[in-house]
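J.: sequence plus the predicted model coming up.
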Amino acid sequence: MNTSITEGTPNILDLVQTGVDTPTTITVDGYFYLVDFGENVHPRVHRVGKNGKCTCYLGQHCPAVDEVADHLEDGGERSPYPPAGYYPMLPACCPICGADVQLDTTLSSRKRGVGWRCANGGSLHYWQRMTDALRISRETNSWAIPPVVDDDWIVYPGVHRDGIVTDANNPYTFRDGYNPNF
Ligand SMILES: [Zn+2]
Ligand SMILES: [Zn+2]
């Protein structure tokens, strides 16, 4: 790929290609991590979700994702777990079968968040996940104090009973052992 570097202000893709380490500031913002690369990088602030993807066009290949991984490895603050059955961002892969997922806005809703469909099971796996989430939340009540969510905005993050997050009820499972605590 032929990318011309504009005077003085490298864009985020230049950072990837040159591998230059840039100091960043990371803050938790709702269910996301805000990664600030400073004024010398364009775009300056990146938003990384628990699915290990940045909301910028580089997605999982954005250097902000690695910055968040380092931040968590160093014991940095974690973004809260969304309630079961609520997706503030696409899952990294289908929580039912592990296949790729794609955005399906017809399934998006205020209550359930971002809609998605599975490459194998289509919307069936989405609804299976939603049904499971409902059943699990009834059976285990994994929230000591449930969160209050209004659209994308967390009014109150809630208190999660730690250790109850298992493969069965964690909506963000990963293939290949990719950092499960992200
Ligand atoms: Zn990014
Ligand atoms: Zn699936």
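T.: In hand now; what should we look at? Ligands and ions are numbered 1, 2, ... in the order given.
J.: by contact count, what packs against the longest helix seen in the chain?
T.: With secondary structure taken from DSSP state H, the chain has its longest helix at helix 122-140. Applying 3 or more CB pairs under 8 Å, 6 or more residues apart in numbering; DSSP states H and E, we find helix 122-140 packed against strand 116-118. Where you see a C-beta, it was placed from the backbone N, CA and C, and this is true even at glycine.
J.: does the strand it packs on come close to ligand 2?
T.: Yes - contact of strand 116-118 with ligand 2 (CB under 5 Å from the ion) involves residue 118.
J.: from the chain's centre, how far out does that strand sit?
T.: 15 Å (CA atoms, centre = their mean, to the nearest Å).
J.: now stretch 106-123
T.: 15 Å.
J.: got a list of contacts for that stretch?
T.: 82, 85-91, 94, 96-97, 99-105, 124-126, 128, 130, 151 (CB atoms under 8 Å, 6 or more residues apart in numbering).
J.: do you know the pLDDT at residue 83?
T.: What the model reports as pLDDT for residue 83 is 82.
J.: excluding covalently adjacent residues, which one is nearest to it?
T.: residue 147 (5.7 Å; CB to CB, 6 or more residues apart in numbering).
J.: who in this protein is up against ligand 2?
T.: 94, 96-97, 99, 118, 120-121, 125.
J.: got a quick ChimeraX command for the buried subset of those?
T.: To isolate the buried ones among these in ChimeraX, judged by 16 or more other CB atoms under 10 Å, type:
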select :94,96,118,121,125
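J.: which of the residues of the chain next to ligand 2 lies closest to residue 43?
T.: Distance ranking of the residues of the chain next to ligand 2 against residue 43, using CB to CB, places residue 94 first at 29.7 Å.
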